[in-house]
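J.: can you look at this prediction? I've put the sequence above it.
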Amino acid sequence: MALAVWFLLCFLAAEQQQPASPPEPAQVEKETLVRLLEIRRVYVDKFGGGETAAQMRDMIISSLQAAKLFILTENPERADAFLRGSAEDLIFTDSYSSSESLSARAYAGTGTNPDRTASDRRSRGASVSVGEQESARIAERRHEATAAVRLVSKDGDVLWSTTQESLGAKFRGAAADVAEKITRQLVKDYEVAKKLAAR
């Protein structure tokens, strides 16, 4: 009997020592997304990256302003949240080269009489050679833009993030396309947050 009580006490003690289970990922995502709805003013911080990061920042500001989700401010003290990240617009040259060649040769000949004293020691020969070579080299200057951004609350919590890249769109350059993709993703996630909050 004492042994059964001892096992029961050990079992209860072990159960109390187990940490509480972490919240479900879907619940954390829901709580984080719904916090997007609390944001009124956003300050777009300086981006890390190369020389083109400042230009990408300006394009993202312009795209976000057109979406009218938040008031964008140049004063970080008035902001409810901060858009931070890094961006790069790389210029590179894509080179393609190809080479093709075709050649054909033909030869016809006749022999000679091995007798050196013979008066008719004829030798005939013919040769034809045809060749063609074609090569092409194409160098195309291209842009590749990438940006990884996150929306951070005043408390330092990351509320939203995305990474976008582009080689350019039909009527837009690579940097402008990345700015548009970031805004489109934020608007989409903002709409999801509205639906989650309505439940």
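T.: All right, it came through fine.

J.: wait, doesn't residue 88 sit right on residue 146?
T.: Yes. The pair residue 88 / residue 146 is scored as a contact, 5.5 Å apart, by Cβ atoms under 8 Å. Just so you know, the C-beta spots here come from the backbone N, C-alpha and C atoms, and that holds for glycine as well.

J.: any chance you could map the helices in the chain?
T.: For the chain, the helices defined by DSSP state H cover 2-17, 25-34, 53-67, 174-198.

J.: look up the residues forming beta bridges with the most centrally placed residue in the chain.
T.: Most central in the chain under Cα atoms, centre = their mean is residue 165, positioned 3.8 Å from the mean C-alpha point. According to DSSP bridges, the partner residues bridging residue 165 are residue 146.

J.: mind listing what it touches?
T.: If a contact means Cβ atoms under 8 Å, 6 or more residues apart in numbering, then residue 165 has 144, 145, 146, 147, 178 as its contacts.

J.: okay if I get the residues you listed as CSV plus pLDDT and neighbour count?
T.: Converted to CSV, these look like this (pLDDT from 0 to 100; neighbours: other Cβ atoms under 10 Å):
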residue, pLDDT, neighbour count
144, 89, 16
145, 90, 25
146, 92, 18
147, 94, 26
178, 93, 29
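
J.: of all those, which two lie farthest apart?
T.: Largest separation among these by Cβ to Cβ: 144 and 147, giving 11.4 Å.
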